[in-house]
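[1] Okay, predicted coordinates and the sequence, questions at the end:
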Protein chains: 2
Amino acid sequence: MGRVGKMITSTANAQVKQLIQLHKKAKIRNAQDVFVVEGMKMFREAPRDRIAKAYVSSSFYEEAERRTLLEGLSYEVVEDQVFRAMSDTQTPQGVLCILRQYHYGLEELLGKTGSPKSGEPNPLLLVLENLQDPGNLGTILRTAEGAGVTGVILNRGSVDIYNPKTIRSTMGSIYRVPFLYAEDLQEILGMLRQRGIRSFAAHLKGADFYDQENYQGGTAFLIGNESNGLSQELSDFADAYIRIPMEGQLESLNAAVSAAILMYEAYRQRR
Amino acid sequence: MGRVGKMITSTANAQVKQLIQLHKKAKIRNAQDVFVVEGMKMFREAPRDRIAKAYVSSSFYEEAERRTLLEGLSYEVVEDQVFRAMSDTQTPQGVLCILRQYHYGLEELLGKTGSPKSGEPNPLLLVLENLQDPGNLGTILRTAEGAGVTGVILNRGSVDIYNPKTIRSTMGSIYRVPFLYAEDLQEILGMLRQRGIRSFAAHLKGADFYDQENYQGGTAFLIGNESNGLSQELSDFADAYIRIPMEGQLESLNAAVSAAILMYEAYRQRR
């Protein structure tokens, strides 16, 4: 464990093969209940107690200052060119980690940390239906942290949040924004309604502009698929439709942009 | 020209080779003063008088309804598997076009079409410094159209707006949002100031929140590089610093998201 004498020197090594599979396949990640993060920023910000194993390149390991970051962790040193094969990025930074997946409950998404102003829980949620683009999802999580979103709920038809591209795009928010995958979003909306949380469907047919509604109370924004928007079934379950107005001849905005505009309007009203 | 009898059947064809180079290299695009768009949406929305040449796959050409879209255009039919080699996408839609590049003047960017409300020109500009990610730039252009931005100014250190990934991400806004590359952004800010346009630098050190300023008059937002933000030199030239507040431990927002939040705040105030 972490001795240079035992450096991994072959891409045929079982751990190397395993890691490449973890990058590629959500099924394997879920079966093992883990995910992979790469690069210095993601390594530094990772909760230590969640790191199952770290892998560093031999170049990384040679620098004493970086080596101290490995103290107390289970890790392996990997020859540089083998590390490149293990990496999911074009320019590997010499460190990646296997982390244990998160398992939040709904109550944790409702904001036990409270709103910035009052310290009282004031849920601000995103509900994502069939979101497909990994980069969009990562950007949404990143923006969600910035806007003080208390939780993100996805349906099973959405892209895997542990996709390497998603993880990269979160810029570390994956560690800090509670999320969960739900079997049935309609059921979730019912549960939110019982807790006094109003749900708003971002919809091209919305009668009201998004900035004409009040989001100071418990709020959930529903965002749909990049190409097709929200399903009619789920939209019908929302408390209100809202529309982001558009000039020009556009058919729609990017999903991460739409989500950002809504989240930051809520945050503006709540400040 | 456009006769099936003269179908292009080899990837060794000079036009095929040429097109692949046009996808890849900004230098070649600029030397020939053209750019390439792909797919049905981009083809349908392309200004007809700007299309220098269209290329369609043989499958595309077989459908009579689609063939009518080619009327009046100079085009070539390309065997399906050769078309796949010409395409920059994973799932080619069977049509791509070479278009003549745009050459807007600064006055065109200041909104001759006028603001939604008054019909009077009311410039809303984005100034992008060293923006690097092609997808970000495309998403910014798309959002700019939606928010009624009158023009986008980039420095030469920014990614090429005719990059295939950028074009795709614009979802057609490339045809409708005026833009130009400037040698010297400081000079541009001086010219904007002379026309009474206020410039706002999106900056982590901004004292004022972005929603505390008034954007109802002529407005230019300065957005910097994804990793390093705006240069100090350019920021110093702005009329004011503004800051987008963030909860949590984030260092920054995605550049396209930051731009979207600012543009839509201006649009909200102007409606």
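    Looks like it arrived, so ask away.
[2] in stretch A:154-167, what counts as buried?
    A:154-155, A:158-167 (16 or more other CB atoms under 10 Å in any protein chain shown). For glycine as for every other residue, the C-beta is placed from the backbone atoms N, C-alpha and C.
[3] farthest pair in those?
    Greatest spacing in these, by CB to CB: A:Asn155 and A:Pro164 (21.2 Å).
[4] Out of the buried residues of stretch A:154-167, which is nearest to A:Thr89?
    Checking those against A:Thr89 with CB to CB, the nearest one is A:Pro164 at 8.2 Å.
[5] which ones are touching the closest one?
    The contact partners of A:Pro164, taken as CB atoms under 8 Å, 6 or more residues apart in numbering or on different chains, are A:23, A:36, A:38, A:88, A:134.
[6] Can you lay out those as a markdown table showing pLDDT and neighbour count?
    As requested, those are exported to a markdown table (pLDDT from 0 to 100; neighbours: other CB atoms under 10 Å in any protein chain shown):
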| residue | pLDDT | neighbour count |
| --- | --- | --- |
| A:His23 | 97 | 19 |
| A:Val36 | 98 | 22 |
| A:Glu38 | 97 | 22 |
| A:Asp88 | 93 | 19 |
| A:Pro134 | 98 | 19 |
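[7] Using TSV, lay out these together with distance to A:Arg176 and secondary structure.
    Conversion of the contacts of A:Pro164 to TSV gives the following (distance: CB to CB, whole Å; DSSP: H, G, I helix; E, B strand; the rest coil):
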residue	distance to A:Arg176	secondary structure
A:His23	22	helix
A:Val36	18	strand
A:Glu38	18	strand
A:Asp88	22	coil
A:Pro134	19	helix
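[8] Which member of those is positioned nearest chain B?
    Minimum distance to chain B across the contacts of A:Pro164 is 12.1 Å, recorded for A:Pro134 (CB to the nearest CB).
[9] Name the nearest residue to the closest one, sequence neighbours excluded.
    Sequence neighbours aside, A:Lys165 is the residue nearest to A:Pro134 in space, at 3.8 Å (criterion: CB to CB, 6 or more residues apart in numbering or on different chains).
[10] A:Gly172 now?
    Closest residue to A:Gly172 apart from its sequence neighbours, by CB to CB, 6+ apart: A:Glu45 at 4.3 Å.
[11] And for the one you found, the neighbour number?
    15 (other CB atoms under 10 Å in any protein chain shown).
[12] Okay, it and B:Leu96: tell me how far apart.
    A:Glu45 is 42 Å from B:Leu96, where distance means CB to CB, to the nearest Å.
[13] same question, A:Val177
    Distance of A:Val177 to B:Leu96, computed by CB to CB: 40 Å.
[14] next one: A:Glu233
    Separation of A:Glu233 from B:Leu96 (CB to CB): 37 Å.
[15] Those two: which is more packed in?
    Shown here are A:Glu233 and B:Leu96; by other CB under 10 Å, B:Leu96 has more neighbours (27 against 10).
[16] any idea whether the more buried one is helix, strand or coil?
    strand (DSSP: H, G, I helix; E, B strand; the rest coil).
[17] Need the nearest residue in space to it, chain neighbours excluded.
    Per CB to CB, 6+ apart, closest to B:Leu96 is B:Glu38, 4.4 Å.
[18] quick one, what contacts the one you found?
    Contacts of B:Glu38 (CB under 8 Å, 6+ apart): B:87-89, B:92-93, B:95-96, B:164, B:167-168.
[19] circling back to that earlier point, list the contacts for the residue nearest to A:Gly172?
    By CB under 8 Å, 6+ apart, the residues touching A:Glu45 are A:172, A:175, B:249.
[20] among those, which ones are buried?
    When those are checked for burial by 16+ other CB under 10 Å, the buried set is A:172, A:175.
[21] For the stretch 1-150 of chain A, just list every one of the helices.
    For the stretch 1-150 of chain A, applying DSSP state H, counting those that start in this stretch gives helices covering A:14-24, A:26-32, A:40-45, A:58-62, A:64-67, A:80-86, A:106-109, A:134-146.
[22] Name the stretch among those that sits most buried.
    Most buried of the helices of the stretch 1-150 of chain A, by mean neighbour count (mean count of other CB atoms under 10 Å in any protein chain shown): helix A:134-146, with a mean of 26.
[23] elements contacting that one?
    If contacts are counted by 3 or more CB pairs under 8 Å, 6 or more residues apart in numbering or on different chains; DSSP states H and E, helix A:134-146 sits against strand A:124-128, strand A:151-155, helix A:164-170, helix A:255-270, helix B:255-270.
[24] 7 Å instead?
    Applying 3 or more CB pairs under 7 Å, 6 or more residues apart in numbering or on different chains; DSSP states H and E, one finds that helix A:134-146 contacts helix A:164-170, helix A:255-270.
[25] so which of the contacts of B:Glu38 would you say is closest to B:Lys53?
    Using CB to CB, B:Leu96 is the member of the contacts of B:Glu38 that sits closest to B:Lys53, with 9.4 Å.
[26] what's the pLDDT at A:Lys112?
    Here, the pLDDT recorded for A:Lys112 equals 65.
[27] before we move on, the earlier item: mind checking which of the helices and strands packed on helix A:134-146 is nearest B:Arg193?
    Proximity to B:Arg193, assessed across these by CB to CB, is greatest for helix A:255-270 (28.1 Å).
[28] quick one, the closest one and strand A:151-155 angle?
    Counting by axes from the mean of the first three to the mean of the last three CA atoms, to 10 degrees, helix A:255-270 lies at 150 degrees to strand A:151-155.
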